[in-house]
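> Would you be able to build a 3D model of this:
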Amino acid sequence: MTLTQQTVVLRPTGPVEPVDRRVLGLAAVGIGGFGLAAIYQLSGDRHLGIPCLLHATTGLDCPLCGSTRMAAALLQGDLNAAWHFNPVVLVLGPLIGVAVGYQLLAWGLERARLVKLPRLRMSPRAVDWFVKALVVLLVVYGVARNLN
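Modelled structure (predicted):
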């Protein structure tokens, strides 16, 4: 990731660059995930959630299986249980969340004309590499978690 502008500008003027749609999509997924975790947590013994199609049809866990239970455990402050449900999402989620949160904060502060912070940027090549690495990590984790 690179910063496009290295300076902080107080009381910026001019047009405000919109937030990348991918950032908004990741933010929506994160908020939706924690919303689903809250519903899961509040549902008591019924434990409402979205069933995994792979698990329902094959009995195998996909790389994202346990994410709702992991987030529900985090909402209770139980880091050990969260790690048990899905350690990969537990590690990647906050890292992605901080990057997305920073982007939204930088955009919001600039839009409010308070301060212009440098925005994070990734070259198309870096995005391509990152997506491929993430897919490989999730596939390897998905296979490894089903070997037990």
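
> Where does pLDDT dip in the chain?
1-6, 45 (pLDDT under 70).

> Now with 50, please.
When residues are selected by pLDDT under 50, those of the chain lie in 2-5.

> So which residues of it form helices?
Per DSSP state H, the chain carries helices over the ranges 21-42, 53-58, 67-76, 79-85, 87-111, 124-145.

> Deepest-packed of those helices, please.
The highest mean neighbour count among the helices of the chain, using mean count of other CB atoms under 10 Å, belongs to helix 67-76: a mean of 21. C-betas here are computed from N, CA, C, even on glycine.

> Dump that one to CSV, restricted to CA.
Extracted in CSV, the C-alpha atoms of helix 67-76 (Å, rounded to 0.1, in the frame of the first residue of the first chain):
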residue,chain,number,x,y,z
SER,A,67,-17.2,-16.7,11.4
THR,A,68,-20.5,-15.8,12.9
ARG,A,69,-19.8,-17.8,16.0
MET,A,70,-16.4,-16.2,16.1
ALA,A,71,-17.8,-12.7,16.0
ALA,A,72,-20.4,-13.6,18.6
ALA,A,73,-17.7,-14.8,20.9
LEU,A,74,-15.8,-11.5,20.3
LEU,A,75,-18.9,-9.6,21.2
GLN,A,76,-18.9,-11.5,24.5
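
> Please tell me how far it is from the chain's geometric centre.
14 Å (CA atoms, centre = their mean, to the nearest Å).

> Please apply the same query to stretch 137-144.
Here stretch 137-144 shows a centroid-to-chain-centroid distance of 18 Å under the convention CA atoms, centre = their mean.
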